[in-house]
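Asker: the sequence and its predicted three-dimensional model are supplied below.
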Amino acid sequence: MFMSMVGCQSNAITLAEKRQVVQDMRKESLAMFAKQRPAIEARLKQTEGYAVFSNVGVQVFLLGGEGGRGVVRDNKNGKDTYMKMGGGNVGLGVGVKDYRALIVFNNRAALDKFLAGKWQFGAEADAAAKSGAKGGAAGGEAVAHDYDVYIFTDAGLMLSATLGGTKFWLDDELNQQ
């Protein structure tokens, strides 16, 4: 009887476990960002909110795409909202980029627009990258009045004025009550 009960158990990941994976990614990502820029922790506490995403981008000759998941923290009410992201681009290149993105919202309107799923970044403009101990990233942040974007790759922090052709939307599954 016991064996038949054990055999019927599902290996499916629960909703709570999926949320925990995203929460763990956020915690790990914020630690990486703080190691590169120690002032980031204090800055995050002073903002309306912030989003952390884990993304994988692939570029094959002229076509590229990316996708990932993340979570937005609303500092006003402490609420977490889970989101997805995806995008495509056209441009010369070959490779895979696994990165974490931190978006800091400088005002309520920007955060509300993002949470409403009405946010899309335009043409990508990576300004600099750090490879090992070499290189640098002009401060490692892009400032665009309403938001700041920080990108962290395995090679380090890099500046990105935008996340090219990227759309963000609510993760209906993870936001279920």
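Answerer: On my side now, so go ahead.
Asker: thinking V149 is in contact with L102, fair?
Answerer: Yes - contact status for V149 versus L102: in contact at 7.3 Å, counting by Cβ atoms under 8 Å. (Each C-beta comes from the backbone N, C-alpha and C, glycine too.)
Asker: who has more neighbours out of those two?
Answerer: Set V149 next to L102 and count neighbours by other Cβ atoms under 10 Å: L102 wins out with 24 against 19.
Asker: so that one is in which element?
Answerer: Per DSSP states H and E: L102 is located in strand 80-105.
Asker: isn't there a strand covering Q23?
Answerer: No - counting by DSSP: H, G, I helix; E, B strand; the rest coil, Q23 falls outside a strand, being helix.
Asker: let me see the contact set for it.
Answerer: Residues counted as contacts of Q23 (Cβ atoms under 8 Å, 6 or more residues apart in numbering) are 71, 80.
Asker: any idea how far S29 lies from N89?
Answerer: According to Cβ to Cβ, to the nearest Å, S29 and N89 sit 23 Å apart.
Asker: so between those two, which is more surrounded?
Answerer: Per other Cβ under 10 Å, whichever of S29 and N89 has more neighbours is S29, with 21 against 18.
Asker: quick one: secondary structure of that one?
Answerer: What three-state DSSP gives for S29 is helix.
Asker: I'd say it and F152 touch.
Answerer: Yes - taking contacts as Cβ under 8 Å, S29 lies within contact range of F152: 6.9 Å.
Asker: noted, bye for now.
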